[in-house]
Every structure is written in C-alpha cells, then in structure tokens.
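Chemist: build the 3D model from these lines:
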Amino acid sequence: MDPHLLRTYVTVARLASFSAAARELGYTQSAVSQHIAGLEQDLGAPLLTRRPVVPTPAGERLLEHAGPLLLRLDAARADIVRMAAAPTHGLTLATTPTALGPAALAALPPFGLTLRVLPREEIPAAVAAGTTDLALVDGLAAPSDPLRLPDVAPLTTHGVAEEPVSVLLPAGHPLAGRTGLRLGDLADARWLDAPDAALPLAQLRAAAGGGAFRPGLRYEGTDLHALTILAAAGHGLVLLPRSTATGLPGTVAVPLTAPRVVHRTELLHGGNPQGAAAHTIGRLLTPR
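Modeler: Numbering: from 1, shown residues only. Here you go, the predicted structure:
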C-alpha cells in the first residue's frame, strides 16, 4: 500500500471533499481522484462514496488502520533523521501543564529550550513523529506503577517524579475544612472536565473503580490560571498534583486519602538522544 495514496485518502475522508483535499495537499483535484482510484484498485474495494464524499464500510475500516500506520512511518523517518542529523544546541520539550513540577522545573536547561504545552493525548505522537525532542507526560497511577501510554512507536520512558494529589475546592465549599477526602465519596459531585489542564475524569473513574464523575463544565485549554478561576467560582471540583493545587487563590486543596494513587510524571524520548537532549535527560533523571 502506497503511503502517499493513503495520506491522500485520509485527507479526503477528513475534509469530505476532493477539492478541499487537493488545496490542502497541493495537488490538482484530478491527481487526488487518481490517488483514490489507485488505492481502491490496489485494495479491491470502494473506499468512498462520491456524492456525498463519505467513507464506505471498507473505507471506515481502513481509517482505523491508517492513523497508526502513518504515525509509525513518521516515527521511523524521525528516528533516522535524528541519527543522521548534526548535533544542535537547541532543544524542544513538550509537556502538559501539570507535568512541570518543582523537580522538572529545576532540571530545565537555562537557555536554548523551546517549551511546548500540548494536550496530554498528543504528546506520545509528537515524540514519535519527531516534532519534539523530549516530552514530559503525567497522570494518575498506583505508587511506582508506570503510566498507561498509547503504543504509537518504540519510545523510551523514564519515571521522573511522583507526588500526592489533592482535590481543588472553592474556598467556601462544605468540604473545604476536611483533612482528607476519599475519591469514591466524590463520584456524584460536579467536576470540571479539563483533560488537558487537570487530571482527566477518565483516570478518576478508573482509579475509583467506576462512578459518574459528572462534568459541570468542560474546559478545553491548558491554562492553569483559567482552571483555577473556574474552580474558585464553583463550576466543579478538580484533581491536581499537590504542588500545583496548593496556594491557588480562592481555592482550598484537600489531600486525597483513598484510593492510594499518586501523580506520576514520565519522560519520553525516541532513538538515542545526543547533545542537549542527552544532557537534559541526565538532569531530569538525577535525584534532587
């Protein structure tokens, strides 16, 4: 299967238009049609209806395979490019907002760093595709257990830090005076659904063994200050690492006492890092 034809197909299916795909890819519309026809001939099945442009059942199944296949190709290219490239002084590090704990911040190089805050689910793919040199990703886990990350490519992971977690409440909340909270007792509370700024609700449900964890408001952003304002205004509870949750204005951070979970941060990289990347890895993995 020709990956160029597959990329064209994915673009046409995403945009639901041959002409729009041609503009995005820089091809003529005729070339896009030829790519789709060639792929259909190769696979022996129609992949798209033409009016409207919608994937057939075979086309839908191909889309399920296409993302991981194309990402693996990008990862292979990035890995070889990294091996062949001359060393550089610059470094790009992708992270979630809550992965930058005190230990990680202290280990960052003083210059030559580009920091990219990305949605949590995009980070492994960014490392695999070579759009970032290193990455920090975080989540809920049992103490010393690794995070469950998608298998997008052969990536190396290292545990960087673990710390307790706290429930962020408005200062006037009835539970704000507690010395500790059980996650299971909060399953029916109203939560802020902020998958890229706080610990995702799906991880809370998994840690608690179920429960509603109903979102009162969904926040699609990575700004912790905005998240704090929403929590202080009573739009929902938030689970954060203790170092992040403590001292935020208008809120109270109450430790989570059960289940026994921690906020875990892991370092991701591909290939054999050199230069600034290798130096930063050493700093991040050195106990402080």
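
Chemist: can you give the contact residues for stretch 11-18?
Modeler: 21, 24-25, 29, 32-33, 36, 48, 52-55, 59, 63 (CB atoms under 8 Å, 6 or more residues apart in numbering). All C-beta atoms are positioned from the backbone trio N, CA, C, and that covers glycine.

Chemist: buried residues in that stretch?
Modeler: 11, 12, 13, 15, 17, 18 (16 or more other CB atoms under 10 Å).

Chemist: quick one: distance of it to the chain centre.
Modeler: Remark: stretch 11-18 is offset 25 Å from the chain centroid, using CA atoms, centre = their mean, to the nearest Å.

Chemist: show the average pLDDT along it.
Modeler: Averaging pLDDT along stretch 11-18 yields 94.

Chemist: CA atoms only: put that stretch into PDB for me.
Modeler: Taking Å, rounded to 0.1, in the frame of the first residue of the first chain, the C-alpha atoms of stretch 11-18 are listed here in PDB:
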ATOM      1  CA  THR A  11      -7.200  13.800   4.000                       C
ATOM      2  CA  VAL A  12     -10.200  13.400   1.600                       C
ATOM      3  CA  ALA A  13     -12.100  11.500   4.300                       C
ATOM      4  CA  ARG A  14     -11.400  14.100   6.900                       C
ATOM      5  CA  LEU A  15     -12.400  17.000   4.800                       C
ATOM      6  CA  ALA A  16     -15.200  15.200   3.000                       C
ATOM      7  CA  SER A  17     -14.100  16.900  -0.200                       C
ATOM      8  CA  PHE A  18     -11.800  16.100  -3.100                       C
END
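
Chemist: offset the numbering so it begins at 423, please.
Modeler: Understood, numbering begins at 423; the last thing we discussed is stretch 433-440.

Chemist: show me the buried residues of stretch 433-440 that map onto strands.
Modeler: Members of the buried residues of stretch 433-440 lying in strands (criterion: DSSP state E): none.

Chemist: okay, among the residues you listed, which ones form the most distant pair?
Modeler: Using CB to CB, the two most remote members of the buried residues of stretch 433-440 are 435 and 440, lying 10.7 Å apart.

Chemist: if we only consider the buried residues of stretch 433-440, which is nearest to residue 577?
Modeler: Nearest to residue 577 among the buried residues of stretch 433-440 is residue 433, at 26.0 Å by CB to CB.

Chemist: do you know how far that closest one is from residue 478?
Modeler: As judged by CB to CB, to the nearest Å, residue 433 and residue 478 stand 17 Å apart.

Chemist: and what of residue 525?
Modeler: Note on residue 525: its distance to residue 478, by CB to CB, is 51 Å.

Chemist: can you give me the strands in the stretch 573-710 of the chain?
Modeler: All strands of the stretch 573-710 of the chain, identified by DSSP state E, counting those that start in this stretch, fall at 577-585, 587-592, 603-604, 612-615, 636-640, 660-663, 673-680, 684-692.

Chemist: swap in the stretch 423-572 of the chain?
Modeler: Listed in chain order, the strands of the stretch 423-572 of the chain (DSSP E, counting those that start in this stretch) span 470-471, 476-477, 513-517, 535-539, 556-563.
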